[in-house]
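In: Kindly generate the corresponding structure for this input.
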Amino acid sequence: MLQIFRSATIFLLLAALPLPAKAELRAVLIGVSDYLTLDADLKGPANDVRLMAEVLVARGIAPSEITVLTSDTTALPAGVKTAAPTKAEIMAALTQTAARAQPNDTVVFYFSGHGAQAPDQNGDEGGGYDEIFLPADAAGWKGQVGAVENALTDDELYAWAQPMLSRGVKLIGLIDACHSDTGFRALPSQSAVVRGLAPQDLNIPDSLAPSTIALDTIAPDTPPLHGDFVFLYSSQSDQRSFEYPVGDTGLWQGAFTRQLAEVLRTSATAPWAQILAATTATMQQGTTPQMPDGEGPMLATDLFGTPAPQRFLVKDGVIQAGLLQGLNPGDRFSLYPSAEGGAALAQVTLAKVDARSSPLPSNTVTTAWAELDQPAAPPALHLAAPLIANPGDGYDYSAWQAAFAAIGTGAGPSDLTPILTDGTIALAGPDGALDPQGPHSTPRITPEAGETAELALQRSLDAASHSLRLRHLFTTVAARSLTAQPPLQLDWQHKAAPECSDPGPAQPVDPAQTVQPCDQLWLGFQNTSGRDLDVSILYFNADFSITPLWPQRGLSNRLAAGESGRAGFQIDPDSPPADEDILVLAVPVDPGAARVDLTLLADPAATRGAGDWFSNRLDADTATRSFSTKPPPLLMIRQTVRIRPMPQGEN
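Out: Residues are numbered from 1 along each chain as shown. All right, here's what the predicted structure looks like:
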């Protein structure tokens, strides 16, 4: 009897103990479009925070736990808290969120707007500089206090974040801004805007500008953060981040935010590193390089929340998704009676797509679920009106201008911006930046023997159109595998060959971390997918040419499970600074199926030679004969190759 009493007492005591608090998700989203003092307004951040708020609510964050700081609060999810994106309001929101956060909670910090660099305020960087974000009330350099007025510094963010991390709070930082807007020439553009300000834009004295500070004098920053955190950045530390117009909707969106939001919306359980990789695979518009980056121990930790349905709701004859969810005119959908399973009711092709909705053709079902069968064919190349880099430079551009008049250009969003410079044409990206990686890093048009300016221009634009369309096509049809291992295991090796001398020993390398002219790169790859793969490897050069790397012409490119291959190449000795891409492409196939060799697509004239698997994707007029069926998925791994010639006098 005594034993029973004691057990009952223990049970009652345990029942009276408070249950562990449920881990909560909280977010502070900052979007600075309108600057009160600086002449630096942006068009996209207010749209970015709206899109990010929608995605976070869909993944499970309660609207009441989201604070959005932006100048335009229309169309935000109901229930979110709002404030102006000023320094004081930002600090207040950060403080309040930190005070509410408990151990095991997750806090999301998101910033969209301008970034910059400013001289270090507290000496912790040894004469270096702070990374700063610019709230709406940021102003220029104030010499009497030695700071950019109202800037949000990395030191302040550290002081906010580290106490939370030390208490067991998890932190996710998502940054759509850059800190490297120096050392390049950009002409006014209606097709892209850089999210970063140079020191002169903030009136920082030349003697204090970051570019004047020797790298070897910079001491370590404040101690590294410790705890559970992950930060995803919109670009590498020496790259720029951009915003672009979204179709003809009048909306602008950060390139990183738009792609990241789509990955977050659809992804189930997957580590943040794979979320970053899936976002990176689509981060290319025109010739503008922007390669996202990430850091932190939570890169290996799974994403929070749950994904949106793979099918989109159709209500009153309108798909409840649009350009911001990755839909485009010409996309082909099947309509189903439910969110999962079932037989297709009909098939439709979108004629019009708005920012967040897509009306169906008349006389189709009014309520259903739409699933993408085949993305639209890539759009035709859109060329901006040519710009003159240095009016009055003494060169005669009349032949080039006549060539452009004959070919035609347009206003609005563009893929390429022609720049008349040094007597020739440079084909810059939508941002209009000339030689951002160094001299001649923007490709030039050089007439061949006997070519007129018009023929040279047409030849170069044909090559650019094919390269950009093919890259776009690969990224839109590639299947994302966020929860599985990549189908191919890659092993990169590097042999240095200074001045094209005998190459040295092979060493492991990440080509995205800089290689030099004459270097040899070798790629070993093994099929780890468990089924047969047809593998193709293409090199996309900065001058818009495409080089097949594997297979060699006429040889089989099929790898059975466990089989390996190897490809190698040498960087051109005369290569200028460039960010170029290698696409490793794999198509799962059944034994005995026809071989799919996508290197045939490097030649525009051979577009139709890549087999039935691919041909209909390149033709917007090709009709689908049935609902059956999607072609086998394309699996893609993208590898950037960053070529940086060694400065003269160094070896």
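
In: switch to C-alpha atoms for all contacts and neighbour counts from now on
Out: Fine.

In: how about the strands in the stretch 251-400 of the chain?
Out: With DSSP state E, counting those that start in this stretch, the ranges of strands along the stretch 251-400 of the chain come out as 252-254, 284-285, 288-289, 293-295, 312-315, 318-319, 332-336, 346-349, 358-359, 368-374, 387-388.

In: ranking those strands by burial, who's on top?
Out: Among the strands of the stretch 251-400 of the chain, the stretch with the highest mean neighbour count (mean count of other CA atoms under 10 Å) is strand 252-254, at a mean of 26.

In: Check which helices and strands that one sits against.
Out: For strand 252-254, the elements it packs on are helix 45-58, strand 242-245, judged by 3 or more CA pairs under 8 Å, 6 or more residues apart in numbering; DSSP states H and E.

In: Partner strands of that strand and their direction?
Out: According to DSSP bridges, the neighbouring strands of strand 252-254, each with its direction, are strand 242-245 (antiparallel).

In: related to what we said a few turns ago, the strands of the stretch 251-400 of the chain: which one's closest to Trp550?
Out: Distances from Trp550 to each of those were compared using CA to CA; the minimum, 22.8 Å, belongs to strand 284-285.

In: circling back: could you export the helices and strands packed on strand 252-254 as TSV, including mean pLDDT?
Out: Compiled in TSV, the helices and strands packed on strand 252-254 are given as follows (pLDDT from 0 to 100):
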stretch	mean pLDDT
helix 45-58	95
strand 242-245	86
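
In: Rebuild the ones you listed as TSV, extending it with mean neighbour count.
Out: As requested, the helices and strands packed on strand 252-254 are exported to TSV (neighbours: other CA atoms under 10 Å):
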stretch	mean neighbour count
helix 45-58	24
strand 242-245	24
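
In: So for the one helix or strand Gln96 maps to, what gets flagged as buried?
Out: Here Gln96 is covered by helix 87-100, with elements defined by DSSP states H and E. Of the residues in helix 87-100, 87, 90-91, 93-94, 97-98 count as buried by neighbour count, 16 or more other CA atoms under 10 Å.

In: Of the strands of the stretch 251-400 of the chain, which is nearest Val596?
Out: Using CA to CA as the measure, strand 368-374 is the one of these that comes nearest Val596, at 18.5 Å.

In: between the closest one and strand 332-336, what angle do the directions make?
Out: Our comparison of strand 368-374 with strand 332-336, counting by axes from the mean of the first three to the mean of the last three CA atoms, to 10 degrees, yields an angle of 150 degrees.

In: orientation of the strand or helix carrying Val68 relative to helix 45-58 in degrees?
Out: With elements delineated by DSSP H and E, Val68 resides in strand 66-70, which encompasses its position. Following the same axes, to 10 degrees, one obtains 170 degrees for the angle between strand 66-70 and helix 45-58.

In: pull the CA atoms of strand 66-70 into CSV?
Out: Presented in CSV, the C-alpha positions along strand 66-70 are these (Å, rounded to 0.1, in the frame of the first residue of the first chain):
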residue,chain,number,x,y,z
ILE,A,66,6.9,38.8,-37.5
THR,A,67,8.0,42.4,-37.5
VAL,A,68,8.3,44.1,-40.9
LEU,A,69,10.2,47.3,-41.2
THR,A,70,9.5,49.0,-44.5
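
In: buried stuff in it?
Out: So strand 66-70, judged by 16+ other CA under 10 Å, has buried residues 66-70.

In: domains for this structure, by residue range?
Out: The chain breaks down into these structural domains: 25-300, 312-374, 387-467, 485-643 (assignment by automatic domain parsing).

In: number of nearby residues for Leu76?
Out: 19 (other CA atoms under 10 Å).

In: Distance of it relative to Thr67?
Out: Distance of Leu76 to Thr67, computed by CA to CA, to the nearest Å: 11 Å.

In: Helices along the protein, start to end?
Out: Under the criterion DSSP state H, the chain carries helices at the ranges 2-16, 45-58, 87-100, 154-166, 255-266, 272-280, 398-407, 453-477, 612-615.

In: Kindly report which one of the ones you listed carries the lowest mean pLDDT.
Out: Lowest mean pLDDT of the helices of the chain: helix 2-16, a mean of 40.

In: show me the contacts for Lys81.
Out: Going by CA atoms under 8 Å, 6 or more residues apart in numbering, Lys81 touches 63-68.

In: If we use 7 Å, what do you get?
Out: The neighbours of Lys81, taking CA atoms under 7 Å, 6 or more residues apart in numbering as the test, are 64, 66-68.

In: so it bridges to which residues?
Out: Thr67.

In: Check it and give its pLDDT.
Out: With respect to pLDDT, Lys81 has a value of 97.

In: Quick check: beta-bridge partners of Phe540?
Out: On the basis of DSSP bridges, Phe540 takes part in beta bridges with Ile546, Asp581.

In: List the residues that contact it.
Out: Taking CA under 7 Å, 6+ apart as the definition, contacts of Phe540 comprise 546-547, 580-582.

In: who wins for most neighbours among the residues you listed?
Out: Neighbours here are counted as other CA under 10 Å. On that basis the top member of the contacts of Phe540 is Ile546, with 23 neighbours.

In: Ala602 is in contact with that residue, correct?
Out: Yes - at 5.4 Å, Ile546 and Ala602 qualify as touching, with contact defined as CA atoms under 7 Å.

In: what bits of the stretch 201-350 of the chain have low per-residue confidence?
Out: The stretch 201-350 of the chain contains residues with pLDDT under 70 at 206-222, 284-289.

In: how close does Leu598 get to Gly530?
Out: Looking at Leu598 against Gly530, where the rule is CA to CA, the gap reads 21 Å.
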